[in-house]
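Chemist: Next input, structure requested:
(one chain, ligands or ions: 1)
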Amino acid sequence: MTANDLKADILAKVTEYYRLVHAPKQEAPFQAGTSRVQYAGRMFDEREMVNLVDASLDFWLTAGRFAETFSGQLEDYYDVSDVILVNSGSSANLLAVTALTDTALGERRLQPGDEVITVAAGFPSTVAPILQNQLVPVFLDVELGTYNIDTTRLEEALSARTKAVFLAHTLGNPFNLDAVAAFAKRHGLWLIEDNCDALGSRYRGKLTGTFGHIATGSFYPAHHITTGEGGCVITDDPRLARIIRSYRDWGRDCYCEGGENNTCGCRFTKQFGTLPKGYDHKYVYSRIGYNLKMTDMQAAVGVAQMDKLESFTARRKRHFQMLCEGLKDLEEFFILPRATEHADSSWFAFILTLREGAPFTRVELAKHLDTALIETRGLFAGNLLRQPGYMAIPHRVVGGLDNTDFIMNNTLFLGVYPGLTPAKIDYVTDTIRKFARKG
Ligand SMILES: Cc1ncc(COP(=O)(O)O)c(C=O)c1O
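Modeler: Below you'll find the model as predicted:
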């Protein structure tokens, strides 16, 4: 038997194994209250498992042929020059901010004490890299309904130290890119989009993640596609891409791919720092970097996921629509989610806020849904400034954070992920209706 035959056998067995162990069974109809309605979950079939085993048979381990394919698929999808694969969305955010501190950017670089405009209602690792780079976050409030930055106070937030805007498209709903991009351009600011929850969302027809100088993605299982842990940095600026790769790869100056040598043609001929002339370029460090790379096994899963992205996106949108319709008659109790004007959102979740005076609390509703086996989550950190780790950070707040606090107390989200079914969604809306009306 040749190695190729053996491999074909193994991969055929993997498919068999998938069908036996993981494939959705010919299910009995959904039994309300006996099976859990998850808010998210990984969606895969035998193709992800075959790719994963294929990559492990290569035993290349670090980024290799699958990583090249996956980053190429993402570059084509976003139509950008570079998508740099990393080990998480949080690492992508860290690299996005760190890259903008690089001395190669001259006067435009972010320096300690410079300010970055952001929001406090979101995920902590959008803000953490601002602090990790000794920069100062400036928080603006968000709108109820879209859960994105209130852009009316952008000018008020500006100071002589403002150098960047870093915002997430909240739960897949694009922020007002017209206003934010125009503001950034007018004042020569960097714009970073945290696109971790928004793969597939569009604004005026264009994919989010392609508006800023840099954008980031996450492939954690709850997200639109998954590689287990994983993420990416997206840019259409090859100069920024080179800086990002360098910080990702230990801070090295060399840009050879793994397994390559002497791509620059001057591996042993140049002089760097005060190193001796001809010091091996592979071991020249022009930055204080990290190692945040993705492995080929992760990328192999991503390759199979990319083929499903369009269908996943369509199902997320369909489920969101069904929830909107199913809960429309409860607007006296809830603020229902609203897509930003000009947005076509690939929703990460369905976000609900209890109106002031609702006859029940968020905690009561969440507990009731939990008992009914319906998963909910809050809007991540609530008001980040009230989190133990963030209470003493250097920061500015402009215009108060009333809505952010209101969200912390009154908001929760439900799932829209592709694994849901119309029966599950009907069960969710019925359960909420019965609870709200009896209140
Ligand atoms: C908006 C946002 N940014 C960043 C992240 C971090 O991604 P990861 O979990 O891959 O580190 C998340 C996490 O879910 C997120 O929701």
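Chemist: Residue 251 - how many residues pack around it?
Modeler: 15 (other Cβ atoms under 10 Å). For every residue, glycine as well, the C-beta is placed using N, CA and C.
Chemist: From residue 95, how far off is it?
Modeler: 12 Å (Cβ to Cβ, to the nearest Å).
Chemist: so what's residue 30 closest to, chain neighbours aside?
Modeler: residue 423 (4.0 Å; Cβ to Cβ, 6 or more residues apart in numbering).
Chemist: Return every residue with contacts to both of residue 251 and residue 95.
Modeler: residue 290 (Cβ atoms under 8 Å, 6 or more residues apart in numbering).
Chemist: What segments of this protein are helices?
Modeler: 3-17, 46-58, 65-78, 89-99, 124-132, 154-157, 177-186, 238-248, 296-306, 309-327, 362-371, 402-410, 422-438 (DSSP state H).
Chemist: Next, the angle helix 309-327 makes with the last one.
Modeler: Spelled out, it's helix 422-438. Interaxial angle, helix 422-438 versus helix 309-327 (axes from the mean of the first three to the mean of the last three Cα atoms, to 10 degrees): 30 degrees.
Chemist: still on that earlier bit, just put the helices of the chain in JSON lines and tack on distance to the ligand, mean pLDDT and mean neighbour count.
Modeler: Converted to JSON lines, these look like this (distance: least, Cβ to the nearest ligand atom, whole Å; pLDDT from 0 to 100; neighbours: other Cβ atoms under 10 Å):
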{"stretch": "helix 3-17", "distance to the ligand": "26", "mean pLDDT": "98", "mean neighbour count": "12"}
{"stretch": "helix 46-58", "distance to the ligand": "18", "mean pLDDT": "98", "mean neighbour count": "19"}
{"stretch": "helix 65-78", "distance to the ligand": "15", "mean pLDDT": "98", "mean neighbour count": "19"}
{"stretch": "helix 89-99", "distance to the ligand": "3", "mean pLDDT": "99", "mean neighbour count": "27"}
{"stretch": "helix 124-132", "distance to the ligand": "5", "mean pLDDT": "98", "mean neighbour count": "21"}
{"stretch": "helix 154-157", "distance to the ligand": "20", "mean pLDDT": "98", "mean neighbour count": "16"}
{"stretch": "helix 177-186", "distance to the ligand": "16", "mean pLDDT": "98", "mean neighbour count": "17"}
{"stretch": "helix 238-248", "distance to the ligand": "14", "mean pLDDT": "98", "mean neighbour count": "21"}
{"stretch": "helix 296-306", "distance to the ligand": "11", "mean pLDDT": "98", "mean neighbour count": "24"}
{"stretch": "helix 309-327", "distance to the ligand": "15", "mean pLDDT": "98", "mean neighbour count": "18"}
{"stretch": "helix 362-371", "distance to the ligand": "19", "mean pLDDT": "98", "mean neighbour count": "15"}
{"stretch": "helix 402-410", "distance to the ligand": "15", "mean pLDDT": "98", "mean neighbour count": "19"}
{"stretch": "helix 422-438", "distance to the ligand": "22", "mean pLDDT": "96", "mean neighbour count": "17"}
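Chemist: Of those helices, which is nearest residue 379?
Modeler: Nearest of the helices of the chain to residue 379, taken as Cβ to Cβ: helix 402-410 at 5.4 Å.
Chemist: Including distance to residue 349, could the helices of the chain go into TSV?
Modeler: Below are the helices of the chain laid out as TSV (distance: least, Cβ to Cβ, whole Å):
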stretch	distance to residue 349
helix 3-17	32
helix 46-58	23
helix 65-78	22
helix 89-99	16
helix 124-132	16
helix 154-157	26
helix 177-186	20
helix 238-248	29
helix 296-306	19
helix 309-327	9
helix 362-371	14
helix 402-410	13
helix 422-438	12
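Chemist: Go through the ones you listed and name the closest to residue 209.
Modeler: Using Cβ to Cβ, the helices of the chain put helix 65-78 closest to residue 209, at 5.8 Å.
Chemist: Which residues does that closest one contact?
Modeler: Under Cβ under 8 Å, 6+ apart, the answer for helix 65-78 is 51, 55, 58, 81-85, 207, 209-210, 217, 227, 232, 234, 257, 294-297, 299-300, 302-303, 306, 309.
Chemist: where's the closest residue to residue 292 other than its chain neighbours relative to residue 321, distance?
Modeler: Leaving out its chain neighbours, the residue that sits closest to residue 292 by Cβ to Cβ, 6+ apart is residue 91, at 4.0 Å. Between residue 91 and residue 321 the computed distance is 34 Å (Cβ to Cβ).
Chemist: The residue nearest the centre of the chain: what's it in contact with?
Modeler: Nearest to the mean C-alpha position of the chain, by Cα atoms, centre = their mean, lies residue 196 at 1.0 Å. Taking Cβ under 8 Å, 6+ apart as the criterion, residue 196 is in contact with 89, 92-93, 123, 168, 216-218, 223, 231.
Chemist: Enumerate the residues of the stretch 101-250 of the chain near the ligand.
Modeler: Residues of the stretch 101-250 of the chain lying near the ligand by Cβ under 6 Å from any ligand atom: 122-123, 125-126, 168, 194, 196-197, 218, 220, 231.
Chemist: again, only this time at 5 Å
Modeler: Selection of the stretch 101-250 of the chain residues close to the ligand by Cβ under 5 Å from any ligand atom yields 123, 125, 168, 194, 196-197, 218, 220, 231.
Chemist: Enumerate every residue touching the residue nearest to residue 292.
Modeler: By Cβ under 8 Å, 6+ apart, the contact set of residue 91 is 231, 248, 290, 292.
Chemist: Would you check how far apart it and residue 248 are?
Modeler: Using Cβ to Cβ, residue 91 is found at 8 Å from residue 248.
Chemist: shared neighbours of those two, anything?
Modeler: 290, 292.
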